[in-house]
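Novice: prediction below, plus the sequence it came from.
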Amino acid sequence: MALRVGARESLNTQLEHLQMKYVGTGHADTTKYEWLCNQRRDSFASYIGHESMLHYFAIAQNESIARVRVGCLDKMARPCGDAPEVPANTLQLAVAKQAEASEEMDVS
């Protein structure tokens, strides 16, 4: 099924809007680490929000519900551990791209 050009542009516009509005949807420059952190944070937030899941985890771990809740909150701070180190040249390229983008916006 082929999409018309207008429909394809509309889908891309909607996707860009969602990516700007919601952090967890990612974007073209999202790293695997960032995507995985967002996914795990969403999971822990869901566990905390659903009381039955907390009960299940508490029974399985033989802990109180409050301890399981606090454990989930602690894991939300850094769900995947420390961020991987970025090579220096990659960081310099990202800074250069941001500088170019800000210059283009100033000119417009």
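Specialist: Happy to help now that I have it.

Novice: rest of the way, CA atoms for contacts and neighbours
Specialist: Fine.

Novice: relative to Gln14, how far out is Thr30?
Specialist: Counting by Cα to Cα, to the nearest Å, the gap from Thr30 to Gln14 is 18 Å.

Novice: again but with Gly26, I slipped
Specialist: 14 Å.

Novice: of these two, which one has the most company?
Specialist: Gly26 (16 against 12; other Cα atoms under 10 Å).

Novice: roughly how far apart are the residue lying closest to that one once chain neighbours are set aside and Thr13?
Specialist: Excluding the flanking residues, the one nearest Gly26 by Cα to Cα, 6 or more residues apart in numbering is Gln19, at 5.9 Å. According to Cα to Cα, Gln19 and Thr13 sit 10 Å apart.

Novice: again with Lys21
Specialist: 12 Å.

Novice: same check on Leu73?
Specialist: Distance from Leu73 to Thr13, by Cα to Cα: 35 Å.

Novice: okay, these two: which has more neighbours?
Specialist: The neighbour count for Leu73 versus Thr13, taken as other Cα under 10 Å, is higher for Leu73 (17 against 12).

Novice: re the thing from before, correct me, but the residue nearest to Gly26 touches Ala28?
Specialist: No - the criterion here is Cα atoms under 8 Å, and Gln19 misses it with Ala28 at 9.6 Å.

Novice: pick out whichever of these two has more residues nearby.
Specialist: Remark: of Gln19 and Ala28, Gln19 carries more neighbours, 15 against 6, as counted by other Cα under 10 Å.

Novice: how far out from the middle of the chain is the helix or strand where that one lies?
Specialist: For Gln19, the host element (DSSP states H and E) is helix 5-21. Offset of helix 5-21 from its chain centre (Cα atoms, centre = their mean, to the nearest Å): 19 Å.

Novice: can you pull the buried residues of it?
Specialist: For helix 5-21, the neighbour count (16 or more other Cα atoms under 10 Å) marks no residue as buried.

Novice: give me the mean pLDDT for that helix.
Specialist: Over the span of helix 5-21, the pLDDT mean works out to 77.

Novice: also stretch 33-50?
Specialist: 92.

Novice: same check on stretch 75-94?
Specialist: Across stretch 75-94, pLDDT averages out at 78.
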